[in-house]
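S.K.: Sequence below, structure please.
(2 chains)
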Amino acid sequence: MSQHTSQSRRLFLKQLGIVGGGLIVGVPLTACATTPATDAASNATLQPNAFIHLSPHGDVNFYLPRSEMGQGTYTGLTTLIGEELDIDPASIRVHHATADSAFNNPEYDQQITGGSTSMKGSYLPLRQAAAEARALLLLAAAQQLGVPREQLRTDNGHVLHGEQKTPYAALVAVAAELETPKDVALKEPSAFKYIGQQRPRLDGRAKSTGSAEFGLDIDFAGLQRAVLVRCPVAGGKVKGVDDSAARSMTGVTHVVTIHNGVAIVAEHYYQAKLAAAKLVIDWQLPEKLSQFSSAEGQAQFAQALEAEQSHEAFTQGDGSKALSNANRVLRADYWAPYLAHATMEPMNCTVKIADGAMDVWVGSQSPGLAQGLAAFYSGISKDNIRIHSTFLGGGFGRRTASDYVGEAVAIAKASGVPVQLIWSREDDTRHDLYRPAAMARFAIGLTDDGHIDSWQVRRTGPNIMAYTVDEALDAMAPGFLPNGMVDWMSKAGHSLYDGWSLDHSSVEGLYEDYDASHKAVEHVTVDPGLPCGFWRSVGHSFSGFFKESMMDEVAAATAQDPVAFRLQHLSGNPRLANALKVAVEKAGWPNAASGERRLGVAAHNSFASSVAQVAEVSLENGAIRVHKVTCVVDCGRVVNPDIVKAQMESGIIFGLSAALFGEITLKEGAVQQSNFHDYPLLRMPQTPTIDVHIIDSNEPPTGVGEPGTPPIAAAVANALFALTGQRLRSLPLKLAS
Amino acid sequence: MISFHLNGQRVDADVPPDMPLLWVVRDHFKLKGSKFGCGMGLCGACSMLVDGQSTRTCILPVAAVANRAVTTIEGLADAEQLTTLQQAWIAHSVPQCGYCQSGQLISATALLNSNPAPSDSDIDTAMQGNLCRCGTYPRIKQAIKDAAGQTTKASTTAAQSAAVQTFDPRHAEAKA
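M.R.: Numbers count the residues shown, from 1 in each chain, chains lettered A, B, ... in the order given. Sure thing, here's the model as predicted:
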């Protein structure tokens, strides 16, 4: 048996939950030549790599390396496997992969689903894996049928020799004894059967019948539910607790104090929730954050716009010096608030510790980091921690963090019982890792004919990476380091990012898209201390609004058409220029709306994709009403056009919630919002008609999960300017009455 | 002991009377399709049909459904025969993350039962209590319209065609 095959075997066993901890191995090891087996032929299985497993009974299994959180990767990546293995993707059994480096995202070298990279990063490797499996089956067929390989072809799960059809399953036993061929050629696009076709989602039935399993649906005998009371100000510690009233509540079995709060463990969630309200906790508040209130705190961001010291994030030409040569300089300041993710499934994690091993059931965008953090909080080695991945009830970046995994592990360890930690909606809203608030100041230098000569922008606000580094170090630090040292390293990591290393996501999207001879991008960190994280489209979520509003502002100030003005500055960016041209054509710019309805336009590159949007907007009883959004996306070759379309719809609606309502505010460090009444999301009656067009392309696929979000707030704001003459420079958009 | 009809079957639950129906169904009867979203009746993920009405069950004490008929997402289809709405959901690839979709389907079912040919604004009104963070609203609306079209067409030709039974017939029996 080759080393590669034995690795696949180890992984396959791990998928079945058979690792470490002395668990009973109940699965025949018949594919391994050294294993004595009485009926090897009928039990042989084929695992040419980590992703694909064929049984002799006809099952074609695919271990999905990315997490399905709505974006469609379950369907998209299975389509790649089906294409090169030559079998209808709908007949493949898809399993969520466990935590293992074999499933690392090639874009990050970590097992992370994020950055709109799933298709981009998997397009070639997964096709290669499937193509090799198909080549192996062809070799096996040639041997089994005693015919030359060249006379064989495949079709939907069968090897064909003339009229003779052999199902893949019948070739498994012979194939399992052969070496997997390498460097197998991939299909030419002209031969694609499934890639590029509009096909229904493969998880559609499970999600329309209530049978799709999410983290919160995990249940087994003896499982208890936990509710954790955290400090209202993030980072606070428990000084003392009076739990006498809570302990006497019905159903409560344990009250335990962990690293960031006090947990109630009870038979049922609602009992734990009721008891949690009876806890009296004395908190040690974090000094800095507890002094921050949004009402006055925004001034800190504004002051930093004036700071003498800054990070130079990017410089081109003469940088900021060029401004002094400009015929005219236009300046404006923009603001975007903190935002919560508000996934429909609140954070949750289920943990069972037994016999020195641990099972963790969790919907996570980073199962590998979840495993690492579980090890950190339990003292159990990663080898003895099994991560069982589920569907995610929304991710949007929130589930790249594993804070809730660490909590659940700590509670299970302290209580000694299997627990499912369930966050309430209030917990979810108040203890998120938020989209950082941001302020930006633009100074755009123009030539005398109204062309942009210099582009200067300074962004102030927190950096996401400071918080990500904290958790990643806890998860990845070698097991021999004591936790105290890891904590110290985490804090060093935090100051590293805030002190002298630039987090690119703080400035991404502010300056790249348009031509200018001179560019200067600066950053000044202002961080009140509220934890921040990746929120759908990350830095582009605010920079798309800032930059595209500013472009509109410059066009208006120089009496130029906003589309023509953009196109004049897109010579270095033909893909975005084309998306914009198609969008305005499809939307009927500029005449499709007039009078009480107006159009606004925005275009933005993110995650290697180009998106242009036109929003049609009016006022209804003084409230902003978005009637229609026309959206054009260029994301390279499309694997499933309906999923690309769905992601544009999704990104736009997600962005509209932020544009129209989204705002997390703090009072003395505590988040003031709590649930959907004070952190509202777009509802059906507020949802515009959305018309999506996809640019036909033969380029490699790029992201679609996030790029639909960045332009929409600016498209709406620009339409509002056309309608009212008011330039709205803060989110959420609020017209002066 | 509280007795009610769950997906057409009479059931008894030995649970505290103040336990929310959502958790009785999920933790006691192990039907996990109905979801917990907000705990305040604001998002609709926990929706079930109670005597045919789409009802928020995260705030509904189980005692309130004594002797009433409760239908969950699991009770919509007749074995493998999905309802017209569920078929439309799959055909339009409505679900994304899927977490809210049980509640969406329950509200859509209640709508078509009371209004077989809803206008856009009828759909907006009936569905506004169900949040979807993935933004599947345009597809939900289209799927409801498609299912309604089929329902209307079918009901004019064959009043009791199996395909049009988006309303759980067992539930109707239970109520009678």
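
S.K.: Just the pLDDT for the closest residue to chain B within chain A.
M.R.: Nearest residue of chain A to chain B, counting by CB to the nearest CB: A:Gly210, 2.1 Å away. Any C-beta I mention is one placed from the backbone N, CA and C, and that applies to glycine too. Listed pLDDT for A:Gly210 reads 98.

S.K.: Same check on A:Leu502?
M.R.: 84.

S.K.: Just say helix, strand or coil for it.
M.R.: coil (DSSP: H, G, I helix; E, B strand; the rest coil).

S.K.: Near it, how many other residues are there?
M.R.: For A:Leu502, the neighbour count with other CB atoms under 10 Å in any protein chain shown is 18.

S.K.: Now the longest helix along chain A: buried residues?
M.R.: If you go by DSSP state H, chain A has its longest helix at helix A:118-145. For helix A:118-145, a neighbour-count test (16 or more other CB atoms under 10 Å in any protein chain shown) marks A:118-123, A:126-142, A:145 as buried.

S.K.: Does anything pack onto the helix or strand hosting A:Ile653? Which helices or strands?
M.R.: For A:Ile653, the enclosing helix or strand under DSSP states H and E is helix A:641-660. Where contact means 3 or more CB pairs under 8 Å, 6 or more residues apart in numbering or on different chains; DSSP states H and E, helix A:641-660 is packed against helix A:540-557, strand A:623-634, strand A:689-694, helix A:712-724, helix B:137-157.

S.K.: Give me the pLDDT for the residue nearest to A:Gly82 when sequence neighbours are not counted.
M.R.: Using CB to CB, 6 or more residues apart in numbering or on different chains and skipping the chain neighbours, the partner closest in space to A:Gly82 is A:Pro89 (3.3 Å). At A:Pro89, the predicted lDDT confidence score is 98.

S.K.: Please work out how many residues are found near A:Pro89.
M.R.: By other CB under 10 Å, 25 other residues sit near A:Pro89.

S.K.: Report the contact partners of it.
M.R.: A:Thr75, A:Thr78, A:Thr79, A:Ile81, A:Gly82, A:Glu83, A:Tyr194, A:Arg199, A:Leu202 (CB atoms under 8 Å, 6 or more residues apart in numbering or on different chains).

S.K.: unless I'm mixing things up, the fourth one is touching A:Ala130, no?
M.R.: Yes - between A:Ile81 and A:Ala130 there is a contact under CB atoms under 8 Å: 4.6 Å.

S.K.: what touches both of these two?
M.R.: Common neighbours of A:Ile81 and A:Ala130, using CB under 8 Å, 6+ apart, are A:Phe51, A:Ile52.

S.K.: hang on, the earlier thing: kindly indicate which of the contacts of A:Pro89 lies nearest A:Trp535.
M.R.: Nearest to A:Trp535 among the contacts of A:Pro89: A:Thr75, at 24.2 Å, using CB to CB.

S.K.: Mind checking what secondary structure the closest one has?
M.R.: The assignment at A:Thr75 comes out as helix when based on three-state DSSP.

S.K.: any idea how far it lies from A:Gly82?
M.R.: Note on A:Thr75: its distance to A:Gly82, by CB to CB, to the nearest Å, is 10 Å.

S.K.: do A:Ile664 as well
M.R.: 42 Å.

S.K.: more crowded one of those two?
M.R.: Taking other CB under 10 Å, A:Ile664 and A:Gly82 do not tie; A:Gly82 has more neighbours (25 against 21).

S.K.: Now do the helix or strand harbouring the more buried one against helix A:641-660, angle only.
M.R.: Using DSSP H and E, A:Gly82 falls within helix A:73-85. Helix A:73-85 and helix A:641-660 are oriented at 160 degrees to each other (axes from the mean of the first three to the mean of the last three CA atoms, to 10 degrees).

S.K.: got the CA positions of helix A:73-85 in PDB?
M.R.: Written as PDB, here are the backbone C-alpha positions of helix A:73-85 (Å, rounded to 0.1, in the frame of the first residue of the first chain):
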ATOM      1  CA  THR A  73     -20.300  25.300  -2.000                       C
ATOM      2  CA  TYR A  74     -22.000  22.000  -1.300                       C
ATOM      3  CA  THR A  75     -23.400  22.100  -4.800                       C
ATOM      4  CA  GLY A  76     -20.600  23.900  -6.500                       C
ATOM      5  CA  LEU A  77     -17.700  21.700  -5.300                       C
ATOM      6  CA  THR A  78     -19.700  18.500  -5.800                       C
ATOM      7  CA  THR A  79     -20.300  19.600  -9.400                       C
ATOM      8  CA  LEU A  80     -16.500  19.700  -9.900                       C
ATOM      9  CA  ILE A  81     -16.200  16.100  -8.600                       C
ATOM     10  CA  GLY A  82     -19.100  14.900 -10.700                       C
ATOM     11  CA  GLU A  83     -17.600  16.600 -13.800                       C
ATOM     12  CA  GLU A  84     -14.200  14.900 -13.700                       C
ATOM     13  CA  LEU A  85     -15.300  11.600 -12.200                       C
END
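
S.K.: who does that helix touch, helix- and strand-wise?
M.R.: strand A:60-64, helix A:118-145.

S.K.: residue ranges of the helices in chain B, please?
M.R.: Along chain B, counting by DSSP H, helices occupy B:21-23, B:84-91, B:101-114, B:120-127, B:137-157, B:169-175.

S.K.: quick one: average pLDDT of the fifth one?
M.R.: Per-residue pLDDT over helix B:137-157 has a mean of 81.

S.K.: cool, and the first one?
M.R.: Across helix B:21-23, pLDDT averages out at 98.

S.K.: distance between that helix and the chain's centre?
M.R.: 14 Å (CA atoms, centre = their mean, to the nearest Å).

S.K.: Now do it: everything it contacts.
M.R.: A:268-270, B:34, B:36, B:46, B:48, B:50, B:57-58, B:60-62, B:64-65, B:70.

S.K.: Just confirm A:Met119 contacts A:Thr78, I think it does.
M.R.: No - with contact defined as CB under 8 Å, A:Met119 does not count as touching A:Thr78 (11.7 Å).

S.K.: Number of residues surrounding A:Lys182?
M.R.: Around A:Lys182 there are 9 other residues, counting by other CB under 10 Å.

S.K.: Can you check what pLDDT the model gives it?
M.R.: 90.

S.K.: The closest residue to it other than its chain neighbours: what's it in contact with?
M.R.: Distance criterion CB to CB, 6+ apart; nearest residue to A:Lys182, sequence neighbours excluded, is A:Glu132 at 6.8 Å. Neighbouring residues of A:Glu132 by CB under 8 Å, 6+ apart: A:Pro48, A:Asn49, A:Thr180, A:Pro181, A:Lys182, A:Val184.

S.K.: for the residue lying closest to the second one once chain neighbours are set aside, what are its contacts?
M.R.: Distance criterion CB to CB, 6+ apart; nearest residue to A:Asn49, sequence neighbours excluded, is A:Ala129 at 4.7 Å. When the contact criterion is CB under 8 Å, 6+ apart, the partners of A:Ala129 are A:Pro48, A:Asn49, A:Ala50, A:Phe51, A:Ile52, A:Ile81, A:Glu84.

S.K.: Could you identify the most distant pair in those residues?
M.R.: In terms of CB to CB, the contacts of A:Ala129 reach their longest pairwise distance at A:Ala50 and A:Glu84, which sit 15.4 Å apart.

S.K.: Residue ranges in the chain under the pLDDT threshold?
M.R.: Went with chain A since none was named. For chain A, applying pLDDT under 70 flags the ranges A:1-43, A:477-500.

S.K.: think we crossed wires, I meant chain B
M.R.: B:151-176.

S.K.: List phi and psi for the residue in it that chain A sits nearest to.
M.R.: The nearest approach of chain B to chain A comes at B:Gly33, 2.1 Å away (CB to the nearest CB). Main-chain dihedrals, B:Gly33, degrees, to the nearest 10: phi -70, psi -30.

S.K.: how near is it to A:Ala212?
M.R.: Distance from B:Gly33 to A:Ala212, by CB to CB: 9 Å.
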